[in-house]
Every structure is written in structure tokens, then in C-alpha cells.
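1. Quick one, fold the following:
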Amino acid sequence: MVYEVPAPKYVRLAQTIQARIEDGTYPPGTLVPSENQLVQSFGMSRPTVVRALDLLKRDGWLESRQGYGTIVRGRPETVARKDRRGRDALERDESRASGRLVQVGYVPAPPRVAALLGVPRRTKVLVRRLLVEEDGEAVELASSYFPAKVAEGTALEGSEPLTGAVREHVEARVKARFDHVTERISARLPNQDDAELLGLPADTPVLSVLVVACDVSGRALQVVDVLLPADRQELEDTYRLN
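-> As a prediction, this is how the structure comes out:
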């Protein structure tokens, strides 16, 4: 049985404001109602309102201008079009990927993964490791971790490459949709196994893009650790200044 958990209040408020931006109630270039007005209109606390506005600013729907207020920017199309490693990892069709599965099975959850999935340390979780190659050279190692209650009895446990996006298999299992993704980028030295798979000397660093995919309640349904050879990567971002 799958239990639906209501989204946090600030998320629901942000979704309501976003819907009003999309339907034209709050047109681009106009001011959104003040914090006091939102508190009174929705009967929510000021901290909840502040968190909702911060979420919309982070995602590019709103913009703060000193001495003027919070302005509606509209749908952040440029943000939506940007390539994201997390989205790529979740929507990848393994059967069409230029690479191979190097591991499928249950393993003790690494401490960081266990914390993100909300399970006790050393709890067995399913891992699918995909080595992506281009022109015969390893360019990415993606390790996807799933709680056992999500993976058991599904195609995720199979040793053959999945057909269709990985997220489709997860959403079909839990009867819920992925709502948001958090990416955390860090640099580290690879362990021996990672270095061998990526064809790297042990002293060559890798970039780790830790992708946490959650439903609307904030529950993590999948964690992906994407390793990229640091000497073959260049990160670039373009953003507006307030």
C-alpha cells in the first residue's frame, strides 16, 4: 500500500503562486503581494511565506529588487532548457545509452546515501551502476541507489539494461511523481574500483554530482552518484544579476 504524504505548506504555497503566474493573475513585471498580504490571504505563518518566496526566487519565477519589492519574472524558460546532470541521469534510457551496466544488486547503503534515502546505515539498497563511454573512452560512471521497497519485484532488479527512462520505472512502482531534484557537486579522489572503471590514475580527481530525486513531500526516491573525470570536464553557468 502506498501512502500519500501532503506536501509541506511552503511548497503548496509556492505551487499556488506559480500557478497564478502561469495563468496571468500575477503578470511578468508586476509586484507579487507583500509578505503581509500573503500571510493574511492564505492564513499561513510568515516563515512559511518567506520559504515559499525564496523557493520561487531560486527557481527563477520571482526576483527581488532592493527598494522596489519582489517582481514576477514569469516562466523561467532559460532555466528549464539548461542541461542538468540530474535530469539526464533520471531520464536516461539504459538500453540506448552508449555504455554498459557494470553492477546490479543489493549492497549496504553508503553512509551518505543512507542519510539521503532516510534509511539506517548499512541497510541493503539496490544499486545500478552504468559506465558511459564515448569513442571507447569512459566519460561517466553513474551509480543509482533505490530503497528496497521501491526496487523489489520490479525491472530495476534485472541485470539487463532498462528500456525507457529510469524515473518511469520508479514512478510506476511508487505511484508518485518526482517533483524536484537537488544536485550537490564536489571533487574527490576516486576509489580503486572507480578509477579502474573510468581508466584513471588513482591520483586523478573526479567530480561527483550527487543527485537526490524527491517526490512533492520531500521523500527521496532515488539517489544517483555521477562520477566525471575532472580533467575532462568544464562547468559553465549563465545567470542574471539582480
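2. how about the strands in this structure?
-> Along the chain, counting by DSSP state E, strands occupy 62-65, 69-72, 99-108, 124-134, 137-147, 180-188, 206-214, 220-229.
3. Adding distance to residue 28, mean pLDDT and mean neighbour count, write those strands out as CSV.
-> All C-beta atoms are positioned from the backbone trio N, CA, C, and that covers glycine. Supplementary listing: the strands of the chain in CSV, determined by distance: least, Cβ to Cβ, whole Å; pLDDT from 0 to 100; neighbours: other Cβ atoms under 10 Å:
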stretch, distance to residue 28, mean pLDDT, mean neighbour count
strand 62-65, 10, 86, 16
strand 69-72, 5, 88, 16
strand 99-108, 42, 95, 14
strand 124-134, 39, 94, 19
strand 137-147, 37, 93, 22
strand 180-188, 23, 87, 13
strand 206-214, 28, 91, 21
strand 220-229, 33, 93, 23
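4. Any chance of a markdown table for those, columns distance to residue 56?
-> Compiled in a markdown table, the strands of the chain are given as follows (distance: least, Cβ to Cβ, whole Å):
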| stretch | distance to residue 56 |
| --- | --- |
| strand 62-65 | 4 |
| strand 69-72 | 9 |
| strand 99-108 | 37 |
| strand 124-134 | 33 |
| strand 137-147 | 30 |
| strand 180-188 | 13 |
| strand 206-214 | 17 |
| strand 220-229 | 22 |
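5. ends of stretch 111-124, how far apart?
-> End-to-end distance of stretch 111-124 (Cα to Cα, to the nearest Å): 12 Å.
6. Just give the nearest non-adjacent residue to the residue sitting nearest the centre point of the chain, would you?
-> The centre of the chain sits closest to residue 181, judged by Cα atoms, centre = their mean, with a distance of 2.0 Å. Nearest residue to residue 181 in three dimensions, chain neighbours excluded: residue 86, at 4.3 Å (Cβ to Cβ, 6 or more residues apart in numbering).
7. List of residues touching stretch 34-54?
-> Here stretch 34-54 makes contact (Cβ atoms under 8 Å, 6 or more residues apart in numbering) with 9, 10, 11, 13, 14, 16, 17, 32, 33, 62, 69, 70.
8. List the buried residues in that stretch.
-> Neighbour-count burial for stretch 34-54 flags 38, 39, 42, 44, 48, 49, 51, 52, 53 (criterion: 16 or more other Cβ atoms under 10 Å).
9. what about dumping the CA coordinates of that stretch to PDB?
-> This file holds the C-alpha atoms of stretch 34-54, laid out as PDB (Å, rounded to 0.1, in the frame of the first residue of the first chain):
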ATOM      1  CA  SER A  34       3.600  41.600   0.100                       C
ATOM      2  CA  GLU A  35       4.500  39.100   2.700                       C
ATOM      3  CA  ASN A  36       1.800  40.600   5.000                       C
ATOM      4  CA  GLN A  37      -0.800  40.200   2.200                       C
ATOM      5  CA  LEU A  38       0.200  36.600   1.600                       C
ATOM      6  CA  VAL A  39       0.100  35.800   5.300                       C
ATOM      7  CA  GLN A  40      -3.500  37.200   5.500                       C
ATOM      8  CA  SER A  41      -4.700  35.800   2.200                       C
ATOM      9  CA  PHE A  42      -3.500  32.200   2.800                       C
ATOM     10  CA  GLY A  43      -3.600  32.100   6.600                       C
ATOM     11  CA  MET A  44       0.000  30.900   6.800                       C
ATOM     12  CA  SER A  45       2.800  32.000   9.000                       C
ATOM     13  CA  ARG A  46       5.400  34.500   7.800                       C
ATOM     14  CA  PRO A  47       8.300  31.900   7.800                       C
ATOM     15  CA  THR A  48       6.100  29.700   5.500                       C
ATOM     16  CA  VAL A  49       5.500  32.600   3.200                       C
ATOM     17  CA  VAL A  50       9.200  33.600   3.200                       C
ATOM     18  CA  ARG A  51      10.300  30.000   2.400                       C
ATOM     19  CA  ALA A  52       7.800  29.800  -0.500                       C
ATOM     20  CA  LEU A  53       9.000  33.100  -2.000                       C
ATOM     21  CA  ASP A  54      12.700  32.000  -1.600                       C
END
